[in-house]
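>>> The following comprises the amino acid sequence and a computationally predicted model.
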Amino acid sequence: MKLAQHIAATVSACAALVILGAAVEDARGVNDAAIIGDGYPAKLSEFHLFTDIAARTPAPRVTSYTLNTPLFSDYAEKQRYLYVPGGKIAAYDPDKVIDLPVGSALVKTFGYQQSGKFKALETRLLLHRASGWVAIPYVWNADGTDAVLKRAGTRIPVTFTDPSGQSRTISYSVPNQNQCKDCHALSGAITPIGPKIRNLNDGKQLQALLKAGMIDRLPADAPRLARWDDAATPLADRARAYLETNCAHCHNPNGAASNSGLYLDWKQADANARGILKHPVAAGRGSGSNEFDIDPGHPERSILIFRMESTDPGIAMPELGRATVHAEAIALLTRWISDMPTDGNRTGVKATRN
Amino acid sequence: MKLILPFAALAIIASPALAKTVTVAPGADAQSRLQGALIEATPGDVIEIGAGRFELTDGLSLDVDKVTVRGAGPDKTILSFKGQLGAGEGLLVTSDDVVLRGFAVEDSKGDGIKTKGADRIVYKNVRVEWTGGPKETNGAYGIYPVESSDVLIDSVIVKGASDAGIYVGQSKRIIVRNSRAEGNVAGIEIENSRNADVYGNTATHNTGGILVFDLPNLPVMGGGDIRVFKNMVVDNDTPNFAPKGNIVATVPTGTGVLVMANDNVHVFDNDLSGNGTANVMIIGYPKTFTDARYNPLPRGIAVGGNRHGKAGFAPKLPGGDQLAAAFGGSLPPILWDGTGDKADLAVTDKVAVLGLGLALGAPPETAKPAPADLSKGTTKPQPAKVVLPEAMEAAAR
């Protein structure tokens, strides 16, 4: 079936080629030298990750994937691909990101529906080189025929319609190369965030990767992160899945927010570290005049909700990549905190305040 | 040939001949040109930011070791973040052996300059300011090194931070000297840090001048071995404008030096005057906490040889006015909340001390104010002088 679709797509792409004489079918495989070399190719097309870059038809061994609970980025749609070079295989790891060998690439294209069609804005690459992972952003040209390297990032004005039907106009931020690292660094080294076994585990796609010979094994007890938007799943699992994906890359002991003491990974056992009755440390005006990160039973007094509701750069969390409020997630987390039992015995000692 | 190669490689890495100076001038597309220069820098480089005003729309960041970022002076090279749309600070540094000197960061939406996990960081002759004066909507920290070893802050100016002007957190081996903190909530704050020398600074018109804190539930705790000396801590009189929830929102207006839940802090040879609540306060951590590793008490706090001007004339404590009236119009210049072991606190300044007689975490309404004599306590000898690598001192000359 998949093969048939692929053939159909190829045929139609060839037809387009014949008719328009513009789109160029790229028969070469992925440019492994561009992935593992030291440089920063000026154009996305130089990687040959797509056989037809304008249509973004993935090259062989470039495999699309989805996540149970994705990172929210201003309601942008994302097309995710992973590439494992021929002759190599990724290693299963139940706790971390699948262990992708040197030469692998993760490709994420961000865009919005415009007049009923997906319009790509930027493609972020994570390349596994011998010296470690590097992250680089490419910005698509207006025609959508290629994307160019923008190590310093940029801003793009965008108007789109959110899931509630509301039209929004934002200054969309393409991160600079250091900002990539702000989210992707663990103990100072760049690491992929998304393709963790638990977040890929939807009951289908890991099996497909195994069958395609791209991961080495798949135990039956592979962990599974909840889908944040699956109403059939317990509220707490959904809320913690959301925090895991959207917050825990920084809010963990080895991440950019390590100094906060607020750790939001899905298995965090320490309630205070999770934010429950935790005082802020360096929140500044991000506290919104609230005493605790999470005040059980009181979302309206919880710093976590206050910071998610803001788009002010001095207050908003996450710090990067969010110019809109994720209303659906706030509704979920508000309900989660509302449902938490309040601590009736709490005798919060108020310090002096003039 | 095989023998020579490694040496050749080493020579390339170490060679200063490859270091270059990249100059960035103000003007169109400054954001991208300046950020691009910071990204493309290689170790040893100097990024020279020209004189003028840089109107920036996003936070800047540096993640390359051994880079100097140098402006034409804190009043000449101005990085303005008035139009900032993203990022939690004006400038973020996450690499080691970085020198920042001779420029200003103005009106960043969050923190001014944050350096995280950046060892051997030098701040010299830098200004961070919120230009609209003290406001709750100002960013939190002006100069903000955190989780770092070897921090030198020399001759900086910070104005208007809604939390702390100069804030050093979860770090060790720190010098803050010859700097000016004015119109912030906390002027200078050393938090959850070990081995700090804070000297030769002026902290004025803040809510509180110089704070030494230790807080619970953090990766790095157990602050102490700190010397606060030869500072001017005068006229700290700005009403507290910190957003509630933050610990500094609890600092009473008119606080000079405040030591909370710390170990072996020596406060000496300072000029302390015009602080309406107290010139010096010694207190325990007043909030609830769940961290078994945390010691909320002040211990080994030595206060001696300071010069006290007027203090305690406008105490912003619950019942402060009545208290001041009972003491003949103003409170004694040194205030102790009553927590910790009296025998381990040594106040030898020739001024009176007011004890509040509070149990740890007890509400202030339960205070039993009375004069306290802390002159008999003994503490450890003064911590040794903080000595930083000579290269850092050289970079600050």
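Thanks, I have the structure now.
>>> Where is the longest strand in the chain?
All of this refers to chain A. Counting residues, the longest strand found in chain A (DSSP state E) is strand A:117-129.
>>> wrong one, I was asking about chain B
With DSSP E setting the assignment, residue counts place strand B:86-93 as the longest strand in chain B.
>>> As a check, name the ranges of all helices in the stretch 51-200 of chain A.
A:177-184, A:197-200 (DSSP state H, counting those that start in this stretch).
>>> Out of those, which is closest to residue B:336?
For the helices of the stretch 51-200 of chain A, proximity to residue B:336 was assessed by C-beta to C-beta; helix A:177-184 is nearest, at 42.8 Å. All C-beta atoms are positioned from the backbone trio N, CA, C, and that covers glycine.
>>> got any ranges where chain B has weak pLDDT?
For chain B, the stretches with pLDDT under 70 are B:1-17.
>>> could you list every residue that touches the closest residue to chain A within it?
Minimum separation of chain B from chain A (C-beta to the nearest C-beta) falls at residue B:140, amounting to 2.2 Å. If a contact means C-beta atoms under 8 Å, 6 or more residues apart in numbering or on different chains, then residue B:140 has A:282-286, A:314, B:110-111, B:161-164, B:246 as its contacts.
>>> if you set the cut-off to 7 Å instead, what comes out?
Residue B:140 is in contact with A:282, A:284, A:285, B:110, B:111, B:161, B:162, B:163, counting by C-beta atoms under 7 Å, 6 or more residues apart in numbering or on different chains.
>>> same question, residue A:75
Neighbour list for residue A:75: A:160, A:162, A:324 [criterion: C-beta under 7 Å, 6+ apart].
>>> Show me where the stretch 1-150 of chain B has its helices.
Using DSSP H, counting those that start in this stretch, the helices of the stretch 1-150 of chain B run over B:4-14, B:30-40.
>>> so what's residue B:246 closest to, chain neighbours aside?
Once flanking residues are discounted, residue B:246 sits nearest to residue A:287: 5.4 Å by C-beta to C-beta, 6 or more residues apart in numbering or on different chains.
>>> The one you found and residue B:245 touch, don't they?
Yes. Residue A:287 lies in contact with residue B:245 (C-beta atoms under 7 Å); the separation is 3.3 Å.
>>> Mind listing the shared neighbours of the two?
A:280, A:303.
>>> Can you check the pLDDT for the residue of the stretch 251-354 of chain A found nearest chain B?
Proximity of the stretch 251-354 of chain A to chain B (C-beta to the nearest C-beta) peaks at residue A:284, 2.2 Å away. Predicted confidence (pLDDT) at residue A:284: the value is 85.
>>> Now it: closest residue in space, sequence neighbours ignored.
residue B:140 (2.2 Å).
>>> touching chain A at all, the longest strand of chain B?
Yes. Counting by C-beta under 7 Å from any C-beta of the partner chain, contacts between strand B:86-93 and chain A involve B:86, B:87, B:88.
>>> Please list all residues in contact with the last one.
Looking back up the chat, that one is residue B:88. Residue B:88 sits in contact with A:313, A:319, B:59, B:110, B:111, where contact means C-beta under 7 Å, 6+ apart.
>>> Which residues are in contact with residue 227?
Defaulting to chain A. Residue A:227 makes contacts with A:68, A:69, A:233, as judged by C-beta under 7 Å, 6+ apart.
>>> actually chain B
Residues counted as contacts of residue B:227 (C-beta under 7 Å, 6+ apart) are B:197, B:266, B:382, B:383.
>>> Can you give me the neighbour number for the nearest residue to the third one once chain neighbours are set aside?
Across the structure, with C-beta to C-beta, 6+ apart as the measure, the residue nearest residue B:382 apart from its sequence neighbours is residue B:266 (4.9 Å). Residue B:266 has 23 neighbouring residues, counting by other C-beta atoms under 10 Å in any protein chain shown.
>>> If you tally nearby residues, what's the number for residue 193?
Because you didn't say which chain, this covers chain A. The burial count assigned to residue A:193 is 20, neighbours taken as other C-beta under 10 Å.
>>> actually it's chain B I care about, not the one you picked
For residue B:193, using other C-beta under 10 Å, the count is 29.
>>> Just give the closest residue to it, not the sequence neighbours.
Nearest non-adjacent residue to residue B:193, counting by C-beta to C-beta, 6+ apart: residue B:171, 4.8 Å away.
>>> Equivalent analysis for residue B:206, please.
residue B:187 is the one closest to residue B:206 (C-beta to C-beta, 6+ apart), at 4.0 Å.
>>> same deal with residue B:111?
With C-beta to C-beta, 6+ apart, the residue lying closest to residue B:111 is residue B:89, at 4.0 Å.
>>> From residue A:312, how far off is the one you found?
Distance, residue B:89 to residue A:312, using C-beta to C-beta, to the nearest Å: 13 Å.
>>> Can you pick out the residue with more neighbours from the two?
residue B:89 (28 against 14).
>>> Residue B:329 should be in a helix, yeah?
No. Going by DSSP: H, G, I helix; E, B strand; the rest coil, the assignment for residue B:329 is coil, not a helix.
>>> Not counting its neighbours along the chain, what's nearest it?
residue B:313 (7.3 Å).
>>> Residue B:43 now?
residue B:66 (4.0 Å).
>>> gap between the two ends of stretch B:325-335?
16 Å (C-alpha to C-alpha, to the nearest Å).
>>> could you pull out the strands for the stretch 1-150 of chain B?
Shown for the stretch 1-150 of chain B, the strands assigned by DSSP state E, counting those that start in this stretch span residues B:21-24, B:46-49, B:52-55, B:58-62, B:68-71, B:77-80, B:86-93, B:99-101, B:104-106, B:111-116, B:121-124, B:127-129, B:141-146, B:149-154.
>>> just these: most buried one?
Ranked by mean neighbour count under mean count of other C-beta atoms under 10 Å in any protein chain shown, the strands of the stretch 1-150 of chain B are led by strand B:141-146, which reaches a mean of 30.
>>> what helices or strands is it leaning on?
Secondary-structure packing of strand B:141-146 (3 or more C-beta pairs under 7 Å, 6 or more residues apart in numbering or on different chains; DSSP states H and E): strand B:111-116, strand B:164-169.
>>> ok, the last one: who's next to it in the sheet?
For strand B:164-169, the paired strands and their directions (DSSP bridges) are strand B:141-146 (parallel), strand B:186-191 (parallel).
>>> which outside residues touch that strand?
Outside of strand B:164-169, the residues within contact range by C-beta under 7 Å, 6+ apart are A:259, A:282, B:141-146, B:151, B:153, B:156, B:158, B:174, B:176, B:179, B:181, B:184-193, B:196, B:248.
>>> how does it look with 6 Å?
Residues outside strand B:164-169 that contact it (C-beta atoms under 6 Å, 6 or more residues apart in numbering or on different chains): B:141-146, B:151, B:158, B:174, B:176, B:181, B:184, B:186-193.
>>> Next, the angle from it to strand B:149-154.
Interaxial angle of strand B:164-169 relative to strand B:149-154 (axes from the mean of the first three to the mean of the last three C-alpha atoms, to 10 degrees): 160 degrees.
>>> Check which residues of strand B:164-169 are buried.
Buried residues in strand B:164-169, defined by neighbour count with 16 or more other C-beta atoms under 10 Å in any protein chain shown: B:164, B:165, B:166, B:167, B:168, B:169.
>>> same deal with stretch A:323-337?
Neighbour-count burial for stretch A:323-337 [16+ other C-beta under 10 Å]: A:323, A:324, A:325, A:326, A:329, A:332, A:333, A:334, A:336, A:337.
>>> Name the helix or strand for the last one, please.
Secondary structure here is read from DSSP states H and E; on that basis residue A:337 sits in helix A:327-339.
>>> Other residues contacting that helix?
Here helix A:327-339 makes contact (C-beta under 6 Å, 6+ apart) with A:235, A:239, A:242, A:294, A:299, A:302, A:308.
>>> Output the contacting helices and strands for the longest strand of chain A.
Here strand A:117-129 touches strand A:105-114, strand A:132-140, going by 3 or more C-beta pairs under 6 Å, 6 or more residues apart in numbering or on different chains; DSSP states H and E.
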